[in-house]
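# Okay, sequence plus prediction incoming.
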Amino acid sequence: MSRTRRVVLLDYGSGNVHSAAKALEHAGAEVQVTADRAAALEADGLVVPGVGAFKAVMDQLRAVRGDGIVDGRLAGGRPVLGICVGMQVLFERGVERGVDTEGLGEWPGTVTELPAPVLPHMGWNTVAPDEGSALFAGIEHERFYFVHSFAAQAWQLDVMPPFPTPRLTWAEHGGPFLAAVENGPLSATQFHPEKSSDAGIRLLANWLATLG
């Protein structure tokens, strides 16, 4: 029997932590909702949720030194999962309604508004997972729940051997955008697994299985 993975859900004032915690527990994790640095660094996995504006999320993250927590985990090769705006802030910058905000800078690129006639992009959508994706194993053809107007619409990180090639999952709303990224210990989804019914629980369980 596999051991239960201990996951910290980073509590920095962003909404949605309780539904995310319940989904992670349903997927088999032991979940602690906290911004405690020691707990976050020691856990098997760290989840960074995010709801609202890019700048507000970055301000809240920095207020609890969440930027240092994410950086510290990744420096040690420790897994991190970003969700929704928690994915967006992993990029260098976010531009929302004229406000240009510096992100965590784990990946190059800028998060911008989707070129779609109807925003936000809200509801169920299909995704196109990369071959060999661990997150989407067994759920490659499922739909996932999105609520957003902004996204990363290009991938700019060149990864050279011996580092593994990032797995990129794309979706469409007015044009292609990144729905998920798997890049070594750092993974993220633009959609909400915790709102994506059984497919979302399966995706979280797949992520938990990568934690070792």
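Structure's in. What do you need?
# May I ask which helix or strand encompasses the residue nearest to Thr169 when sequence neighbours are not counted?
Nearest non-adjacent residue to Thr169, counting by Cβ to Cβ, 6 or more residues apart in numbering: Ala180, 3.9 Å away. Every C-beta, even on glycine, is put in place using the N, C-alpha and C of the backbone. Assigning secondary structure by DSSP states H and E places Ala180 in strand 176-183.
# Neighbouring strands - and their directions - for that strand?
The pairing partners recorded for strand 176-183 under DSSP bridges are strand 167-172 (antiparallel), strand 186-189 (antiparallel).
# Other residues contacting that strand?
By Cβ atoms under 8 Å, 6 or more residues apart in numbering, the surrounding residues in contact with strand 176-183 are 87, 107, 114, 125, 127-130, 133-136, 144, 146, 151-153, 155, 157, 159, 166-171, 187-191.
# pLDDT of that strand, averaged?
On average, the pLDDT along strand 176-183 is 98.
# same deal with stretch 38-53?
pLDDT averaged over stretch 38-53 gives 96.
# Check the offset of it from the chain's centre.
Centroid separation for stretch 38-53 versus its chain: 10 Å, with Cα atoms, centre = their mean, to the nearest Å.
# Which of the strands paired with strand 176-183 sits closest to Gly103?
Proximity to Gly103 (Cβ to Cβ) singles out strand 186-189 among the strands paired with strand 176-183, at 11.9 Å.
# Quick one: distance of stretch 95-115 to the chain centre.
Remark: stretch 95-115 is offset 15 Å from the chain centroid, using Cα atoms, centre = their mean.
# So Val159 sits against Pro166, correct?
Yes: Val159 is in contact with Pro166 according to Cβ atoms under 8 Å; the separation is 5.9 Å.
# which stretches of this protein form helices?
17-26, 37-42, 54-63, 66-75, 85-88, 197-209 (DSSP state H).
# Could you check how far Trp124 is from Gln32?
30 Å (Cβ to Cβ, to the nearest Å).
# One more: Arg93?
Arg93 is 31 Å from Gln32, by Cβ to Cβ.
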